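Student: let's see this in three dimensions:
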Amino acid sequence: MRVITGSARGRALETLKGDDIVRPTTDKVKEAVFSAIQFEIEGRDFIDVFAGSGQMGIEALSRGARSATFLDSSKKAAAVIERNLKVTNLQQFATVITANSLSYLQRVDRMYDIAFLDPPYNTGILHEALPIIAQRMKKTGVIICESALNDKILQKYYKFTLDRERTYGKIKVSTYRHEDYI
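Tutor: Below you'll find the predicted structure:
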């Protein structure tokens, strides 16, 4: 797994090993996500929820995001993210938080421009997280979710409406935008 483009282009990223429940975003999906938002990244605040290795937030930073918050409940994931940030020399723009994602999002008062959510598939966590993150987004923001093809999510959460849905094999990528910007 490598950073696709930007200041850290080509840098190899570490992933979690062993028995950890990990499903890194495929290169194909990562390229599609960043292609869809390529003109919305620079100078924006990004949050990578259920971050795993942190590859999506690191890609955003490499492409010019002002900041990235990496949120994962696993201490092992946080350590991998920290190492990946060091390898890419992007740690000064990053905040790594080890906490339950839903609890953290419920209590944080920060607003984000771009959110990427990739929770464990078919657990219902995405359906729980979407209404919470939608209330933490700037009006001009975008929420992007990766889920299993059969994972049930709604057309609207808070004031964010499903704008686009693409499939990549058994993976679904859903993009939500504020109802005033669709």
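
Student: show residues contacting the longest strand along the chain.
Tutor: What stands out as the longest strand in the chain, according to DSSP state E, is strand 137-148. The contact list for strand 137-148 (CB atoms under 8 Å, 6 or more residues apart in numbering) reads 25, 29, 33, 36-37, 40, 111-119, 121-122, 126, 130, 133-134, 153, 157, 160, 163, 170-178, 180-181. (Each C-beta comes from the backbone N, C-alpha and C, glycine too.)

Student: please apply the same query to stretch 2-22.
Tutor: With CB under 8 Å, 6+ apart, stretch 2-22 has contacts from 1, 24, 27, 30-31, 34, 52-55, 58-59, 61-64, 74, 76-77, 80, 83-84, 87-90, 120.

Student: just give the number of residues close to the closest residue to residue 164 other than its chain neighbours.
Tutor: Excluding the flanking residues, the one nearest residue 164 by CB to CB, 6 or more residues apart in numbering is residue 175, at 4.4 Å. For residue 175, the neighbour count with other CB atoms under 10 Å is 17.

Student: so which of the contacts of stretch 2-22 belong to helices?
Tutor: Mapping those onto helices (DSSP state H) picks out 27, 30-31, 34, 55, 58-59, 61-62, 76-77, 80, 83-84, 87-88.

Student: next up, phi/psi of the residue nearest to residue 164, please.
Tutor: phi -120, psi 130 (degrees, to the nearest 10).

Student: can you tell me how far residue 126 is from residue 173?
Tutor: Applying CB to CB, to the nearest Å, the value for residue 126 to residue 173 is 12 Å.

Student: which one's more surrounded, those two?
Tutor: residue 126 (24 against 20).

Student: tell me which element that one falls in.
Tutor: Assigned by DSSP states H and E, residue 126 belongs to helix 125-134.

Student: how far away is the closest residue to residue 131 other than its chain neighbours from residue 27?
Tutor: Nearest residue to residue 131 in three dimensions, chain neighbours excluded: residue 157, at 4.6 Å (CB to CB, 6+ apart). Distance, residue 157 to residue 27, by CB to CB: 28 Å.

Student: give me the more crowded residue out of the two.
Tutor: residue 157 (21 against 12).

Student: tell me the centre residue of this structure?
Tutor: Central residue of the chain (CA atoms, centre = their mean): residue 116, 2.4 Å from the mean position.

Student: hmm, back to that, what angle separates the longest strand of the chain from helix 55-62?
Tutor: On the basis of axes from the mean of the first three to the mean of the last three CA atoms, to 10 degrees, strand 137-148 is oriented at 140 degrees to helix 55-62.

Student: what is the burial count for residue 72?
Tutor: Close neighbours of residue 72, defined as other CB under 10 Å, add up to 25.

Student: how about the nearest residue to it, chain neighbours excluded?
Tutor: Counting by CB to CB, 6+ apart, residue 51 is the residue found nearest to residue 72 once chain neighbours are left out, at 4.4 Å.
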